[in-house]
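In: With the sequence up front, the predicted model follows.
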Amino acid sequence: MINTDKLISELLYNPADPVLFNSAFFFYFFALFLFCYLAVNGSKTGRVWVYTIFSLYFFYKACGFYVGLVVLSAIVDFNLSRWIYHTPNKSVKKSLLIFSIILNIGLLFYFKYTDFFIGIVNDLTAGHIRPLHLLLPIGISFYTFENLSYTIDVYRKEIKPVDNFMDYLFFLSFFPKLMMGPIVRAADFIPQISMPYRLNADDIGKGMYLIIGGLFKKIVISDFIYQNFVQYIFDDPSKHTGLECLIGVYGYALVIYCDFSGYSDMALGIARWTGFKIPPNFDSPYQSSSITEFWRRWHISLSSWLRDYLYIPLGGNRKGKGRQYVNLALTMLIGGFWHGASWNFIFWGGMHGTALAIDKVRIDWLKKSKKAITGWKASVLKVGGVLLTFHFVCFCWIFFKAASFHDAWSLIHQVVYDFQPGIWLELYNGYTAVFWVMVLGFVLHFMPAKAEFSVERILGRIPVAGSVAIMVAFIWLLAQVKSTQPMIPIYFQF
């Protein structure tokens with residue numbers, strides 16, 4: 001007999017149990033969504049309405065009535081963009097764009113940064129202004145940037161505004177990417193809405209590979225390493241030796257990559273199965289041999305957004321070398337602040353911005369010198385560049401993850417002054433499974449792209465019934481190994 005009260009409770013928003021891609025609720029949600037979506041797949045209007053309704057409900061399950069902010073944002077920017085496009089007066093166009101930017105940034109600022117600046121004011125003036133302790137709406141940083149890029153692109157006449165409000169609401173609320181990205185441009189997404197829904201073997205194979213791979217990265221690698229080792233290190237670094245702290249930093253590098261890229265992969269896979277292609281958000285970033293290359297491979301949608309809507313408008317490289325380096329540093333400072341209201345994030349962004357400016361000097365020098373390095377020397381430099389870039393990124397992750405500057409410097413102090421390499425065997429015996437999962441994670445990360453393509457092709461050749469059987473078996477396997485307490489994705493807070 002069905003327990004009605006329990007069913008209603010499951011369907012309502014629970015702040016202690018937000019819906020996750022790796023939750024049992026999501027599998028039922030996704031199965032029902034697919035059934036309804038396939039039932040109307042021949043109608044563009046039907047697909048839009050089904051997808052939008054399920055997306056808004058998904059967002060409601062994630063953060064309650066803050067779902068209204070998505071609808072409100074869609075209404076405002078849908079109308080403002082059309083006004084901007086059809087207004088002949090340039091000054092009015094610019095005023096409307098500024099108004100749109102102020103509204104979007106203002107909404108983001110209010111929820112995300114109000115308490116941060118209240119704290120600064122209190123520190124500077126010895127004031128006693130009470131923090132608001134606002135609950136941060138999940139995904140607000142992502143859909144705010146999507147709104148901004150849309151209105152800016154319309155203002156630049158790079159795209160025409162959509163005529164149908166439901167199309168825009170569908171684009172903004174699209175549930176696979178709503179909460180954790182990628183940040184999708186309207187120009188890439190909206191034209192796909194009117195295309196007929198068709199799946200081929202490549203779509204099925206690629207989608208399955210992305211979903212399975214994303215779940216594996218998130219649950220088997222990221223959650224396991226974090227819950228069984230990394231969290232203990234960062235909770236209080238002073239209680240651990242330098243060797244433990246260093247391995248903890250390497251572990252966190254895997255945790256944040258597998259957590260965020262795992263979710264992004266699942267979003268891409270779900271989108272692919274439902275007829276939409278979203279640009280990839282990661283490209284094996286720890287294979288980068290320079291910090292410039294790293295930011296072309298890490299959180300690609302954010303770094304490209306910052307480039308197109310911040311770095312280039314600031315002047316990019318058009319106003320001299322000195323200004324270019326300042327623009328790079330400023331862009332990354334703002335990128336760090338985008339991640340959260342914390343001096344740690346600002347410092348993290350500042351370090352990356354400084355490194356990008358220095359790397360730009362290196363690149364310019366190589367171009368001027370015109371010295372071609374080939375053979376074994378090029379290979380050595382490549383490997384050295386990968387190791388140097390990886391360790392710089394890991395050093396920056398310390399400040400990104402640590403709860404405070406004190407904890408970050410405490411961890412660094414332990415690595416420098418209390419390394420104790422002699423405890424290696426004892427440490428290995430205590431965390432054998434964790435270390436082997438870390439090895440597996442790095443091996444998979446450095447796996448050649450052609451190996452991934454081979455797996456995708458094999459999955460694409462499997463009949464539909466076989467694909468369903470593989471997914472069911474894989475989900476069952478994950479249920480056996482995943483922890484009883486699901487780990488909230490790291491980028492939920494951004």
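Out: Happy to help now that I have it.

In: For Trp424, which residues are in contact?
Out: Residues near Trp424 by CB atoms under 8 Å, 6 or more residues apart in numbering: Leu243. Placement of C-beta: from N, CA and C, glycine included.

In: let's see it at 10 Å
Out: Neighbouring residues of Trp424 by CB atoms under 10 Å, 6 or more residues apart in numbering: 241, 243, 247.

In: Next: Tyr232.
Out: Tyr232 touches 226, 239-240, 244, 248, 431, counting by CB under 10 Å, 6+ apart.

In: Nearest to Asn281 among the residues you listed?
Out: Taking CB to CB as the measure, Tyr226 is the one of those closest to Asn281, at 20.2 Å.

In: burial of the closest one, as a residue count?
Out: 23 (other CB atoms under 10 Å).

In: Now it: phi and psi?
Out: phi -70, psi -50 (degrees, to the nearest 10).

In: low-confidence ranges in the stretch 301-450 of the chain?
Out: Along the stretch 301-450 of the chain, the model assigns pLDDT under 70 to residues 370, 372.

In: Determine how far the strand or helix carrying Ser73 lies from the middle of the whole chain.
Out: Element membership of Ser73 [criterion: DSSP states H and E] is helix 67-86. Remark: helix 67-86 is offset 24 Å from the chain centroid, using CA atoms, centre = their mean, to the nearest Å.

In: Could you list the buried residues of the helix or strand following that helix?
Out: Next helix or strand after helix 67-86 toward the C-terminus (DSSP H and E): helix 90-125. Across helix 90-125, burial judged by 16 or more other CB atoms under 10 Å covers 93, 96-97, 100-101, 103-104, 107-108, 111-113, 115-116.

In: tilt between helix 90-125 and helix 67-86?
Out: 140 degrees (axes from the mean of the first three to the mean of the last three CA atoms, to 10 degrees).

In: Which helix or strand lies directly C-terminal to the helix or strand Tyr143 falls within?
Out: Assigned by DSSP H and E, Tyr143 belongs to helix 140-155. Going down the chain from helix 140-155, the next helix or strand is helix 165-173, by DSSP H and E.

In: my guess is Ile470 meets Met208, correct?
Out: Yes. With contact defined as CB atoms under 10 Å, Ile470 reaches Met208; the gap is 7.1 Å.

In: Counting neighbours, go ahead and name the busier of these two.
Out: Met208 (23 against 14).

In: Secondary structure element holding the nearest residue to that one once chain neighbours are set aside?
Out: Excluding the flanking residues, the one nearest Met208 by CB to CB, 6 or more residues apart in numbering is Leu459, at 4.8 Å. For Leu459, the element it lies in under DSSP H and E is helix 449-461.

In: For that helix, C-alpha coordinates in CSV please.
Out: What follows is helix 449-461 as a C-alpha-only set of coordinates in CSV (Å, rounded to 0.1, in the frame of the first residue of the first chain):
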residue,chain,number,x,y,z
ALA,A,449,41.5,10.7,-26.0
LYS,A,450,41.5,8.0,-28.7
ALA,A,451,40.8,5.4,-25.9
GLU,A,452,37.7,7.4,-24.9
PHE,A,453,36.5,7.5,-28.5
SER,A,454,36.9,3.8,-28.8
VAL,A,455,34.7,3.2,-25.7
GLU,A,456,32.1,5.6,-27.1
ARG,A,457,32.0,3.8,-30.4
ILE,A,458,31.6,0.4,-28.7
LEU,A,459,28.7,1.7,-26.5
GLY,A,460,27.1,3.2,-29.6
ARG,A,461,26.9,-0.2,-31.3
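
In: and Gly181, backbone torsions?
Out: Taking degrees, to the nearest 10 as the convention, Gly181 sits at phi 80, psi -170.

In: what's the answer for the one 3 residues further on, then?
Out: Main-chain torsions, Val184, degrees, to the nearest 10: phi -100, psi 140.

In: Assign Gly315 to helix, strand or coil.
Out: Three-state call for Gly315 (DSSP: H, G, I helix; E, B strand; the rest coil): coil.

In: I'd say it and Lys321 touch.
Out: No. In this structure Gly315 lies outside contact range of Lys321 using CB under 10 Å: 11.5 Å.

In: and the closest residue to Tyr51 other than its chain neighbours, what does it touch?
Out: Spatial nearest neighbour of Tyr51, excluding adjacent residues (CB to CB, 6+ apart): Phe170 at 5.8 Å. By CB under 10 Å, 6+ apart, the contact set of Phe170 is 47-53, 55-56, 74, 162, 164, 189-190, 193.

In: In helices, which of these fall?
Out: Among the contacts of Phe170, the ones falling in helices (DSSP state H) are 47-53, 55-56, 74, 189-190, 193.

In: Are any of those residues buried, and if so which?
Out: 47-48, 50-52, 55-56, 74, 189-190, 193.

In: Closest one to Asp202 out of these, please.
Out: Phe189 (19.4 Å).

In: give me the number of residues near the residue nearest to that closest one when sequence neighbours are not counted?
Out: Excluding its sequence neighbours, the residue lying closest to Phe189 (CB to CB, 6+ apart) is Phe171, at 5.3 Å. For Phe171, the neighbour count with other CB under 10 Å is 25.

In: could you dump the ones in helices among the contacts of Phe170 to a markdown table with pLDDT and distance to Leu178?
Out: Shown next, in a markdown table, are the ones in helices among the contacts of Phe170 (pLDDT from 0 to 100; distance: CB to CB, whole Å):
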| residue | pLDDT | distance to Leu178 |
| --- | --- | --- |
| Arg47 | 95 | 17 |
| Val48 | 96 | 15 |
| Trp49 | 96 | 17 |
| Val50 | 96 | 16 |
| Tyr51 | 96 | 11 |
| Thr52 | 97 | 11 |
| Ile53 | 96 | 13 |
| Ser55 | 95 | 6 |
| Leu56 | 95 | 9 |
| Ala74 | 95 | 12 |
| Phe189 | 94 | 12 |
| Ile190 | 94 | 16 |
| Ile193 | 94 | 16 |
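
In: rewinding a little: what about the helix holding Tyr143, distance to the chain center?
Out: The answer for helix 140-155 is 16 Å, by CA atoms, centre = their mean.

In: Just want the angle from that helix to helix 165-173.
Out: 130 degrees.

In: Summarise which helices and strands helix 140-155 is packed against.
Out: If contacts are counted by 3 or more CB pairs under 10 Å, 6 or more residues apart in numbering; DSSP states H and E, helix 140-155 sits against helix 67-86, helix 90-125, helix 165-173, helix 175-178, helix 186-193, helix 300-306, helix 321-339.
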